[in-house]
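A.B. asks: based on what follows, work out the 3D shape:
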Amino acid sequence: MAIRDDRDDRTGGADPGVGPEREQTTATDLQAFAVQLRRMNGEINRLVHGFAGEHGLHATDVQALAAILDAPEPLTPGRLREHLGLTSGAVTACLDRLERAGHIRRVRESPDRRVVHLHYVPDARSAARAHFRPLAEVTANVRSGFSEDELSVVLRFLTTMNEQLSGVRSPGR
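C.D. replies: Numbering: from 1, shown residues only. Just a heads-up that it's a prediction; the model follows:
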């Protein structure tokens, strides 16, 4: 009698055991993750590029807006530069575009007047929320099909992926 395990459900068949077949099963599992992550990244990028185009921005500008929005405390241009992996000049150009377009403001609010904090302008935040509302609605709809335990695992997976990916650099960088 053959013993079935969880791998049967992930691969669509019995555990092939050892050897090249076993390596293929693992590669398929990894490939399935890679395909789905690329698809999701592509769909989100499609929305990001649409927002960027509608507002006369670059995709990197939208990444900067997301970083400013998601930061637990106001970002400085230097911390944004580190987060995005850009040069100081590229970040300055990005912030100039975002400020001209009315999305952010630079504020010297600390006792050290050399420190600049970046703030998302409330009206611009509303425009972004309106544009990305379909993404939020799809996310809410998909989440409703999963238990809290399943969502906890998904969130842990995504968090760990993002933490580890943040340390990966392209060759030559």
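
A.B. asks: quick check: the residue lying closest to residue 146 once chain neighbours are set aside vs residue 44, distance?
C.D. replies: Ranked by CB to CB, 6 or more residues apart in numbering and with sequence neighbours excluded, the top spatial neighbour of residue 146 is residue 154, at 7.1 Å. Heads up, the C-betas are built off the backbone N, CA and C, glycines and all. To residue 44, residue 154 is 16 Å away according to CB to CB, to the nearest Å.

A.B. asks: cool, residue 29 as well?
C.D. replies: 23 Å.

A.B. asks: now swap in residue 94 and tell me
C.D. replies: For residue 94, the distance to residue 44 - CB to CB - is 19 Å.

A.B. asks: more neighbours: those two, which one.
C.D. replies: residue 94 (24 against 12; other CB atoms under 10 Å).

A.B. asks: please, which helix or strand holds the more buried one?
C.D. replies: Per DSSP states H and E, residue 94 falls inside helix 88-100.

A.B. asks: contacts for the following helix or strand past that helix, please.
C.D. replies: As assigned by DSSP H and E, the chain's next helix or strand after helix 88-100 is strand 104-107. Contact partners of strand 104-107, identified using CB atoms under 8 Å, 6 or more residues apart in numbering, comprise 65, 68, 74, 77, 95, 98-99, 116-121, 124.

A.B. asks: want to throw those into CSV with neighbour count?
C.D. replies: As requested, the contacts of strand 104-107 are exported to CSV (neighbours: other CB atoms under 10 Å):
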residue, neighbour count
65, 25
68, 21
74, 16
77, 18
95, 21
98, 25
99, 14
116, 16
117, 18
118, 22
119, 15
120, 19
121, 15
124, 18
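
A.B. asks: so can I have CSV of the residues you listed showing pLDDT, distance to residue 135 and secondary structure?
C.D. replies: Formatted as CSV, these follow (pLDDT from 0 to 100; distance: CB to CB, whole Å; DSSP: H, G, I helix; E, B strand; the rest coil):
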residue, pLDDT, distance to residue 135, secondary structure
65, 96, 14, helix
68, 95, 18, helix
74, 92, 25, coil
77, 96, 27, helix
95, 97, 25, helix
98, 96, 20, helix
99, 95, 25, helix
116, 94, 30, coil
117, 95, 27, strand
118, 96, 23, strand
119, 95, 23, strand
120, 93, 17, strand
121, 93, 21, coil
124, 92, 17, helix
